[in-house]
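Visitor: Using only what follows, build the 3D model:
(one chain, ligands or ions: 2)
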Amino acid sequence: MSTSKSYYKPLNISSVFRPGLFENRVAIVTGGATGIGKGITKELLFLGCTVVIASRKADRLADGAEEIRNWLANTGQRATLHVVQCNVRNEDEVKKLISTTVQKFGKLDFLINNGGGQFLSPTADIRLKGWNAVVETNLTGTFLLCREAYNQWMKEHGGTIVNMAMDMWKGYPYMGHSGAARAGVVNLTKTLGVEWAQSNVRVNAVAPGSSIVSPTAAANYGNVSIFDGVGENIPMKRTGTVEEVCSAVCFLLSPGAAFITGETIRIDGGHSYYITPNFRLPDSKPTDVYSWQSKFDADAAKGPQSKL
Ligand SMILES: CCCCCCCCCCC/C=C/C(=O)SCCNC(=O)CCNC(=O)[C@H](O)C(C)(C)COP(=O)(O)OP(=O)(O)OC[C@H]1O[C@@H](n2cnc3c(N)ncnc32)[C@H](O)[C@@H]1OP(=O)(O)O
Ligand SMILES: NC(=O)C1=CN([C@@H]2O[C@H](COP(=O)(O)OP(=O)(O)OC[C@H]3O[C@@H](n4cnc5c(N)ncnc54)[C@H](OP(=O)(O)O)[C@@H]3O)[C@@H](O)[C@H]2O)C=CC1
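Guide: Ligands and ions are numbered 1, 2, ... in the order given. The predicted structure is shown next:
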């Protein structure tokens, strides 16, 4: 894979949230061993949360967990990371993921339905098996996790759920299956936000633009060069970072979002709102990036939050 643009840097975290924010909290992050999910896992651990990561592939989980544990040790923070193999398309495995977590850690405060994905294809060429695989992964999997988290724990004790959507607001050529599934996730998020409010369960989502640079996302589409030139058509004139998704997720999980439910936050530099055909984006400099290596990081390193 080409890395000529130096897209990837190791994540040395310096969260904008206060240390200990999620102490005594227990979270499940699906797809938590790679890409965006790994970033969410790191930030939650850094903030004191116990995290269970869950996905299909044992080797990916093991490699991701080892990297995360080594990284956490270097931050000087202590938190518990646990691994469970689970295909979110399998109802029994989903039930077991939730029950194992509740049994082992005594509760479940947060569910982050990050695991998902798709393949590129003209819609006319998608076979039914491929359509079903993508819809079951992204929509049905999210439904199953939400339902089991609610029925097994959150209905009686409250909790917070964050789902994963995408920039499908204007449709998504070559990702018709995933666009339809994620639109379903946005709608389900609204419904559950209303139905479960009485149980003190908040349900929200994030919708990253097709511009969040993660090595696994690039690998899934063949090469990191898929992100080359993407920034030019984004009002903020750049691609996004994994950290910019993680901080939105952490905000939605935090008490600061206590009155927000059913909502989907777009994290796309304004891309999905850039629809006026006769308004051409002027040439301009890229906006400031938030990453755990950015100048924000340098600023944070001066303050009491720094663990670097
Ligand atoms: C022209 C526009 C170009 C724009 C390019 C922009 C790209 C921007 C990308 C940036 C945005 C990133 C968004 C992301 O979501 S990043 C996350 C990336 N990660 C993943 O997608 C990983 C998860 N994906 C998968 O695991 C699989 O894609 C899948 C969801 C299908 C699940 O796989 P599973 O292992 O369960 O299923 P199978 O592999 O057995 O396949 C089942 C059937 O699915 C069809 N299929 C699968 N892959 C393909 C393919 N590459 N092409 C066509 N069809 C495919 C197929 O029918 C499979 O069954 P058969 O093999 O029996 O036919
Ligand atoms: N990067 C981007 O620009 C964007 C990403 N997204 C979405 O964000 C999420 C994270 O993506 P990103 O980190 O970039 O890419 P990754 O490929 O790194 O993340 C996908 C994760 O989902 C897991 N996963 C896939 N299918 C299943 C399944 N059936 N059951 C359990 N886990 C599964 C994978 O683990 P394993 O293979 O072990 O199962 C992997 O850890 C995905 O839902 C993605 O579609 C949305 C918009 C843009």
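
Visitor: drop to CA atoms for contacts and neighbour counts, all remaining ones
Guide: Noted.

Visitor: Helices of the stretch 51-200 of the chain, start to end?
Guide: Secondary structure of the stretch 51-200 of the chain by DSSP state H, counting those that start in this stretch: the helices cover 58-75, 91-105, 128-135, 141-149, 155-157, 176-195.

Visitor: Tell me which of the ones you listed sits most buried.
Guide: helix 141-149 (a mean of 23; mean count of other CA atoms under 10 Å).

Visitor: want to try TSV for the helices of the stretch 51-200 of the chain, with distance to Phe46 and mean pLDDT as columns?
Guide: Listed next are those as TSV, based on distance: least, CA to CA, whole Å; pLDDT from 0 to 100:
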stretch	distance to Phe46	mean pLDDT
helix 58-75	7	96
helix 91-105	18	98
helix 128-135	32	98
helix 141-149	23	99
helix 155-157	24	98
helix 176-195	27	98
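
Visitor: So for ligand 2, which of these sits nearest?
Guide: helix 58-75 (5.5 Å; CA to the nearest ligand atom).

Visitor: quick revisit: would JSON lines of the helices of the stretch 51-200 of the chain with distance to ligand 2 be doable?
Guide: Converted to JSON lines, these look like this (distance: least, CA to the nearest ligand atom, whole Å):
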{"stretch": "helix 58-75", "distance to ligand 2": "5"}
{"stretch": "helix 91-105", "distance to ligand 2": "9"}
{"stretch": "helix 128-135", "distance to ligand 2": "8"}
{"stretch": "helix 141-149", "distance to ligand 2": "7"}
{"stretch": "helix 155-157", "distance to ligand 2": "23"}
{"stretch": "helix 176-195", "distance to ligand 2": "8"}
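
Visitor: The spatially most distant residue from the centre of the chain and Ala73, how far apart?
Guide: Distance from the centre of the chain peaks at Asn278, with 33.7 Å (CA atoms, centre = their mean). Applying CA to CA, to the nearest Å, the value for Asn278 to Ala73 is 52 Å.

Visitor: Name the residues of the protein found near ligand 2, please.
Guide: 30-37, 55-57, 60, 86-89, 114-117, 137, 164-166, 208-214, 216-217 (CA under 6 Å from any ligand atom).

Visitor: Any of those residues buried? List them.
Guide: Burial by neighbour count, judged by 16 or more other CA atoms under 10 Å, picks out 30-37, 55-56, 86-89, 114-116, 137, 164-166, 208-214, 217 from the residues of the chain next to ligand 2.

Visitor: Can you flag which of these belong to strands?
Guide: Thr30, Ser55, Met164, Pro208 (DSSP state E).

Visitor: how near is the second one to Cys246?
Guide: This means Ser55. 18 Å.

Visitor: And the furthest pair within the ones in strands among the buried ones among the residues of the chain next to ligand 2?
Guide: Farthest apart among these by CA to CA are Ser55 and Pro208. That separation is 20.1 Å.

Visitor: mind listing what the residue nearest to Arg89 when sequence neighbours are not counted touches?
Guide: Excluding its sequence neighbours, the residue lying closest to Arg89 (CA to CA, 6 or more residues apart in numbering) is Gly141, at 5.1 Å. For Gly141, the contacting residues are Val88, Arg89, Asn90, by CA atoms under 8 Å, 6 or more residues apart in numbering.

Visitor: Out of those, flag the one nearest to ligand 1.
Guide: Looking across the contacts of Gly141 and measuring by CA to the nearest ligand atom, the closest to ligand 1 is Arg89, at 8.5 Å.
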